[in-house]
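# For reference, the sequence and a predicted model appear below.
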Amino acid sequence: MPDTPDLVVIGAGIVGAACAYHATRAGLSVTVVDRGPIVGGTTGAGEGNILVSDKELGPELDLALLSNRQWRALADLPLDGTTFGRTVELEPKGGLVVATGQAPLDVMRRLAGKQQARGIEALAVPAHDLNEHEPHLAADLAGGYLYPQDMQVHPMLAAAHLLRLARQRGATVLTHQPVTGYLRDGDRVVGARTPHRDIAAGAVLNAAGPWAGEVAALAAVHLPVAPRRGFILVTEPLPPIIRHKVYLADYIADVASDSAALQTSAVVEGTRAGTVLIGASRERAGFDHTFSLPALRALARGAVRLFPGLERVSTIRAYHGFRPYCPDHLPVIGPDPRAPGLFHACGHEGAGIGLSMGTGLLIAQVLAGEHPDIDLQPFRPDRFTESST
């Protein structure tokens with residue numbers, strides 16, 4: 001480990017890994033620290049979504065498109081006699097968004113029109129053509145839209161191999177070392193403190209996922225990042241019966257909701273191993289690890305609504321994670337003027353996997369003194385007041 005790395009990254013999940021990868025590519029020396037193991041938090045409980053289909057026009061869509069390009073560029077990187085994409089199960093399977101009636105289909109049509117003007121591929125699929133794309137889909141749906149740019153990745157593999165690539169460029173990864181404070185030179189943050197060591201650094205990056213608010217508070221700055229719990233059901237391995245990521249249009253509105261109550265919307269996709277992942281739920285319940293039978297039952301009902309044949313399929317497990325929720329549904333990316341030397345890359349909620357590569361690139365560009373590819377003003381850390389929840 002260098003005596004004084006250019007950057008200390010707090011968090012060894014997918015966002016921290018992407019930031020470390022891009023920072024080392026930019027020639028910076030990096031040390032990554034995490035309170036637990038690699039991908040021991042939100043990333044280890046994710047589905048691996050890389051989506052543009054669920055984004056309204058605005059800064060998050062700009063970030064999603066930037067990230068999508070970064071993921072596609074990384075897919076062909078040679079790795080272990082194959083490619084990065086194959087190693088981390090990066091699949092450009094596309095997304096199919098479907099509607100149960102004419103009203104949600106009309107909402108989808110308006111959104112797709114705006115997205116198409118921004119350069120997103122959104123292909124209308126009439127009801128009678130849905131089964132050409134998904135033969136086992138319910139027969140009574142009103143129609144949908146196909147998004148070829150949507151992808152899926154194995155999130156744990158992706159984060160682990162991004163960190164591996166960063167280590168090959170000299171990065172150090174320290175696990176089971178929670179950050180307990182910062183080193184300061186006047187107002188400036190000049191390093192991080194753990195129970196095991198002080199790490200002086202040129203800059204410190206808070207990529208602590210749902211714990212990012214607590215990590216920011218150690219520097220006496222306010223970030224209203226809170227955990228939003230979500231459950232996922234996993235079926236027994238099946239023959240390949242689901243070709244795309246398939247979800248109801250309701251999912252888009254639920255993700256953008258400010259409600260703290262339990263919400264579920266059907267999201268179904270297959271994996272390379274043959275299992276089917278069933279989501280998605282969300283509720284603001286703090287760091288409560290209690291399993292919610294109402295949430296799991298609602299997920300099962302939603303999946304069967306989309307794919308009736310799943311009614312006869314067994315589930316083999318369920319898991320949950322805590323997504324880093326921000327009240328304005330935008331991530332926090334960039335330098336914090338309230339604590340010079342401190343940067344943030346957090347608050348991505350359920351989109352962290354997909355948005356991670358663009359986030360890492362932007363952080364590396366700022367640290368290297370370059371002009372970022374997209375405007376960071378909407379993501380600035382000091383946009384919140386103390387009353388933000």
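That came in fine, so what should we check first?
# right, and T172 touches A20 too?
No - checked against C-beta atoms under 8 Å, the pair T172 and A20 is beyond contact range at 9.7 Å. All C-beta spots, glycine's among them, are computed from the backbone N, C-alpha and C.
# any common contacting residues for those two?
Contact criterion C-beta atoms under 8 Å, 6 or more residues apart in numbering; residues bridging T172 and A20 by contacting each: V30, V32.
# so where is the stretch 151-300 of the chain shaky, pLDDT-wise?
Low-confidence segments of the stretch 151-300 of the chain, defined by pLDDT under 70: 253-259.
# Now do the strands in it.
For the stretch 151-300 of the chain, the strands defined by DSSP state E, counting those that start in this stretch cover 151-152, 172-174, 181-185, 188-193, 198-200, 203-206, 226-235, 245-248, 263-270, 276-282.
# quick one: which of those strands is nearest A160?
Distance to A160, taken as C-beta to C-beta, is lowest for strand 172-174 among these, at 10.0 Å.
# Sheet-wise, list the partners of the closest one with their directions.
strand 30-33 (parallel) (DSSP bridges).
# Now do the contacts for P135.
Here P135 is in contact with I241 (C-beta under 8 Å, 6+ apart).
# what kind of secondary structure is it in?
Under the three-state scheme (DSSP: H, G, I helix; E, B strand; the rest coil), P135 adopts coil.
# Repeat that for Y21.
helix.
# and it, what is it in contact with?
Contacts of Y21 (C-beta under 8 Å, 6+ apart): L162, L163, L165, A166, G360.
# hang on, the last one in a helix?
Okay, so that is G360. Yes - secondary structure assignment places G360 in a helix (three-state DSSP).
# That one reaches A345, doesn't it?
Yes - counting by C-beta under 8 Å, G360 touches A345, with 7.4 Å between them.
# can you give me the helices in the stretch 201-350 of the chain?
212-217, 250-255, 293-306 (DSSP state H, counting those that start in this stretch).
# Report all helices and strands that the first one contacts.
Same thing as helix 212-217. Contact analysis of helix 212-217 by 3 or more C-beta pairs under 8 Å, 6 or more residues apart in numbering; DSSP states H and E lists strand 203-206, strand 342-346 as its packing neighbours.
# can you redo those as CSV with mean neighbour count and distance to D150?
Below are these laid out as CSV (neighbours: other C-beta atoms under 10 Å; distance: least, C-beta to C-beta, whole Å):
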stretch, mean neighbour count, distance to D150
strand 203-206, 28, 28
strand 342-346, 28, 23
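# Please name whichever of these is nearest to N68.
Among the helices and strands packed on helix 212-217, strand 342-346 sits nearest to N68 (C-beta to C-beta), with 17.6 Å.
# Name the residues that touch the closest one?
With C-beta under 8 Å, 6+ apart as the criterion, strand 342-346 contacts 11, 15-16, 19, 182, 189, 203-209, 212, 216, 219, 221, 223, 225, 324, 331-336, 359-360, 363, 366-367, 381.
# Now the buried members of those.
When the contacts of strand 342-346 are checked for burial by 16 or more other C-beta atoms under 10 Å, the buried set is 11, 15-16, 19, 182, 189, 203-209, 212, 216, 219, 221, 223, 225, 324, 331-336, 359-360, 363, 366-367, 381.
# Pretty sure F287 sits against P227.
Yes - using C-beta under 8 Å, F287 is in contact with P227, at 5.4 Å.
# out of the two, which sits in the busier spot?
P227 (21 against 10; other C-beta atoms under 10 Å).
# who's in contact with the more buried one?
P210, R284, A285, G286, F287, F322, R323, P324, Y325 are the contacts of P227 under C-beta under 8 Å, 6+ apart.
# if you set the cut-off to 6 Å instead, what comes out?
P210, F287, F322 (C-beta atoms under 6 Å, 6 or more residues apart in numbering).
# D62 now?
I374.
# Kindly recompute the last result at 8 Å.
Residues near D62 by C-beta under 8 Å, 6+ apart: I374, D375.
# next structured bit after the helix or strand hosting it?
Following DSSP states H and E, one finds D62 within helix 59-75. Using DSSP H and E, the helix or strand that follows helix 59-75 in sequence is strand 78-79.
# Each with direction, which strands does that following strand pair with?
Assessed with DSSP bridges, strand 78-79 is paired to strand 82-83 (antiparallel).
# right, and the helix or strand after the partner strand?
That would be, after strand 82-83 and using DSSP H and E, helix 84-87.
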